[in-house]
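Dropping the sequence and predicted coords here.
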Amino acid sequence: MKRLVVAAFAATLSFAASAQMREPGTGPVAEHCQGDIERLCANLTHGNPAGGQRGAIRPCLEQNIAQVSPACRTALQTTGPGRRR
């Protein structure tokens, strides 16, 4: 049992370290929220190529959290600044 806990902890640390190195639009939120992004935040971008606000998608999803899919909600609640485990 102790080995399982240690292995799970090591996997979590590895995931957190890799998440910090991701480019915008490639993490769990992008993966699990794509449909919600297209439906709720279609006019926003991760970058700023067409004058869109940089980093505007996550706040949009968080403002609409009652309308996002369960997988997207979980991704939002378990990732991001101050939420990495």
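Nice, thanks for sending it over. If you're wondering where the values come from, they're calculated on a predicted model, not measured in any experiment. Numbers count the residues shown, from 1 in each chain.

element containing Thr74, please.
Following DSSP states H and E, the helix or strand that holds Thr74 is helix 70-78.

Report the buried residues of that helix.
Going by neighbour count (16 or more other C-beta atoms under 10 Å), the buried part of helix 70-78 is Cys72, Arg73, Ala75, Leu76. Using the backbone N, CA and C atoms, a C-beta is placed for each residue, glycine as well.

Give me the helices and strands touching that helix, please.
Judged by 3 or more C-beta pairs under 8 Å, 6 or more residues apart in numbering; DSSP states H and E, the packing partners of helix 70-78 are helix 28-40, helix 57-63.

Mind putting the ones you listed into JSON lines with mean neighbour count and mean pLDDT?
Shown next, in JSON lines, are the helices and strands packed on helix 70-78 (neighbours: other C-beta atoms under 10 Å; pLDDT from 0 to 100):
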{"stretch": "helix 28-40", "mean neighbour count": "17", "mean pLDDT": "93"}
{"stretch": "helix 57-63", "mean neighbour count": "17", "mean pLDDT": "92"}
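
Of all those, which one is nearest Pro81?
Of all the helices and strands packed on helix 70-78, it is helix 57-63 that lies closest to Pro81, at 9.4 Å by C-beta to C-beta.

Turn the buried residues of helix 70-78 into TSV, including pLDDT and distance to Thr26.
Below are those laid out as TSV (pLDDT from 0 to 100; distance: C-beta to C-beta, whole Å):
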residue	pLDDT	distance to Thr26
Cys72	96	15
Arg73	96	19
Ala75	95	13
Leu76	94	16
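
For the helices and strands packed on helix 70-78, give me a markdown table that also has distance to Pro81.
As requested, the helices and strands packed on helix 70-78 are arranged in a markdown table below (distance: least, C-beta to C-beta, whole Å):
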| stretch | distance to Pro81 |
| --- | --- |
| helix 28-40 | 12 |
| helix 57-63 | 9 |
